[in-house]
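In: next come a sequence and a model predicted from it.
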Amino acid sequence: MTFLKKVGPAALFATVFAASGAFAADEVFISDADKGIAINGYDPVAYHTDGKPVKGSADWKYEHEGAVYKFSSEANKKAFKAEPAKFAPAFGGWCTVGTSKGKKIATQPELFAIVDGTLYLNSSDGAHNLFKKDKPGTIDTAESKWTKIESTPAAEL
């Protein structure tokens, strides 16, 4: 069995980039490991400005912390470049509820909330419903867990 078949393309991508120092372990959820695309190619700024997920374009992309973000307009790309911390999703784009339980779980772009100006993503309807029931508590717990798991590969959690 080849190395790629044993670990899969996502693990290979994370291994190569972690070894190169592009980002620590898999602290940013890369939804399309072959291309390094964050948030499944959705525009992180649009969540804030349009109040909904909007698919980004390959015409407007920007790399931040080892992930490539796509945008639906040049203006959104410029806004992100000027203030990436304002627009990048919390917890590297991993599921907020998963993070609150010490796990890194892939997210679905349509399961989101903006709380106090921060984008939070979740992995399933069940997780998103739990998040909505106690946003402050889930966020606080996730923040405390994130400091412990941020640099740990998802497969090791």
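Out: Thanks, I have it.
In: which residues of this protein score low on pLDDT?
Out: Scanning the chain with the threshold set as pLDDT under 70 gives 1-27, 31-34.
In: and with 80 instead?
Out: Along the chain, segments meeting pLDDT under 80 span 1-35.
In: and the helices in it?
Out: In the chain, helices defined by DSSP state H lie at 3-20, 44-49, 74-82, 84-87, 96-100, 125-133, 135-149, listed in chain order.
In: list the residues that contact the residue nearest to the spatial centre of the chain.
Out: Of all residues in the chain, the one closest to the mean position by Cα atoms, centre = their mean is residue 93, 1.7 Å from it. If a contact means Cβ atoms under 8 Å, 6 or more residues apart in numbering, then residue 93 has 28, 29, 31, 38, 39, 67, 107, 121 as its contacts. Every C-beta, even on glycine, is put in place using the N, C-alpha and C of the backbone.
In: does the first one really touch residue 92, like I thought?
Out: In this case it means residue 28. Yes - the pair formed by residue 28 and residue 92 meets the contact definition of Cβ atoms under 8 Å, at 4.2 Å.
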